[in-house]
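> Sequence and predicted structure below; questions after.
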Amino acid sequence: MAKILVTGATGQLGKVVVDELISNGNTSDIAVLVRDPAKAAHWQAQGVTVFQGDYNNYPSLVAAFKGMDKLYFISSNSMTGRIAQHAQVVNAAVEAKVGHVFYTSYHRKTEDGSSPVAAIGNDHLQTEKLLKDAGITYTLLLHALYADVLPMFLGDKVLEYGMISLPAGAGKAAYATREDLGIAGARLLLGNGHENKSYTLAANNATSFNELAAIFTELSGKEVKYVSPTAEAFTAQLVQAGMPVEYVHLVTAFAEAIGAGEFDLPDNTLADILGREPESMKSYVAKAFSL
């Protein structure tokens, strides 16, 4: 088995990747990069090598990456300075002579800056270019919009209000769970033949908010409707309700991007890698909203 390191390993995606690697490989060949080693103690007890470091600490990256054949590079969750952090990771991987970098990017319909989430997407596009320009072997994992963000988008009062309200129109997204994406990522890491390739990892069908409302109705037995206000009305309503402005703008931007079809990109690759259907939206909603 190749020597594999997972960055951001104690995060929601990273821990799935690590656990899947452990269940399918030798723990002595697995390493993780974490800010807080205490959170990775259970893996260390199983034989996983734990490195302390972060994307802002270049020497820690080089030290962790040395001797690694493959690197699972999880994109930073920072909304500022992300490109600088990613450049550090790429440069450290080159200096440490990492054999192959797997980067968690995103699937998208546009790259011309017209998407409502272009500012976020541009970070990924720039990182993809950094990898290609560095001359390092790479695999781009073009992740679907996470199903796991739906509780943030929808809030916790869907059933209380009997309503989903988002400025997404009739747009759809081919959501996938972090669980499925993490498992797929681990399987790609353990395989061969993925050099300098891109994989769209998404559900093989897309879901609209009207369809999500119908799922809530079916699971709860209470009628839930979907309404699509204008972005301006939606933003004003949430800000007036005391929601943080940055959060409101983020949700609005993603809703508008869904409405524009930015994430309406169903694909069979994820199912092929998993050897099964990705988790359905009905199953995810039932779990996430305790229905």
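That came in fine, so what should we check first? Numbers count the residues shown, from 1 in each chain.

> what's around the nearest residue to Val239 once chain neighbours are set aside, how many residues?
Excluding its sequence neighbours, the residue lying closest to Val239 (CB to CB, 6 or more residues apart in numbering) is Val248, at 5.6 Å. C-beta coordinates here come from the backbone N, C-alpha and C atoms, glycine included. A total of 17 residues lie near Val248 under the criterion other CB atoms under 10 Å.

> Please apply the same query to Gln126.
So Gln126, with other CB under 10 Å, has 14 neighbours.

> CA atoms only: put stretch 178-197 into CSV for me.
What follows is stretch 178-197, C-alpha atoms only, in CSV (Å, rounded to 0.1, in the frame of the first residue of the first chain):
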residue,chain,number,x,y,z
ARG,A,178,-19.8,14.0,2.8
GLU,A,179,-20.0,10.4,3.9
ASP,A,180,-20.3,9.1,0.3
LEU,A,181,-17.7,11.6,-1.0
GLY,A,182,-15.3,10.6,1.7
ILE,A,183,-15.7,6.9,1.0
ALA,A,184,-15.2,7.5,-2.7
GLY,A,185,-12.1,9.6,-2.1
ALA,A,186,-10.6,6.8,0.0
ARG,A,187,-11.3,4.2,-2.6
LEU,A,188,-9.6,6.4,-5.3
LEU,A,189,-6.6,6.9,-3.0
LEU,A,190,-6.3,3.1,-2.6
GLY,A,191,-6.6,2.5,-6.4
ASN,A,192,-4.4,3.2,-9.4
GLY,A,193,-4.8,4.9,-12.8
HIS,A,194,-6.2,8.2,-11.6
GLU,A,195,-3.2,10.3,-12.6
ASN,A,196,-4.0,13.8,-13.9
LYS,A,197,-7.7,13.1,-14.1
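
> So which elements touch the helix or strand containing the residue nearest to Val239?
Val248 is part of helix 245-259, with elements assigned from DSSP states H and E. Here helix 245-259 touches helix 150-154, helix 231-240, going by 3 or more CB pairs under 8 Å, 6 or more residues apart in numbering; DSSP states H and E.

> Can you show me the CA trace of the very next helix or strand once past that helix as CSV?
For helix 245-259, the succeeding helix or strand toward the C-terminus, using DSSP H and E, is helix 269-274. This file holds the C-alpha atoms of helix 269-274, laid out as CSV (Å, rounded to 0.1, in the frame of the first residue of the first chain):
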residue,chain,number,x,y,z
THR,A,269,-19.1,8.2,-11.4
LEU,A,270,-19.8,8.4,-7.6
ALA,A,271,-22.2,5.4,-7.8
ASP,A,272,-19.6,3.5,-9.9
ILE,A,273,-16.9,4.1,-7.3
LEU,A,274,-19.2,3.2,-4.3
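
> in the stretch 101-250 of the chain, what spans have low per-residue confidence?
Judged by pLDDT under 70, the stretch 101-250 of the chain has no weakly predicted residues.

> Kind regards, and thank you for your time.
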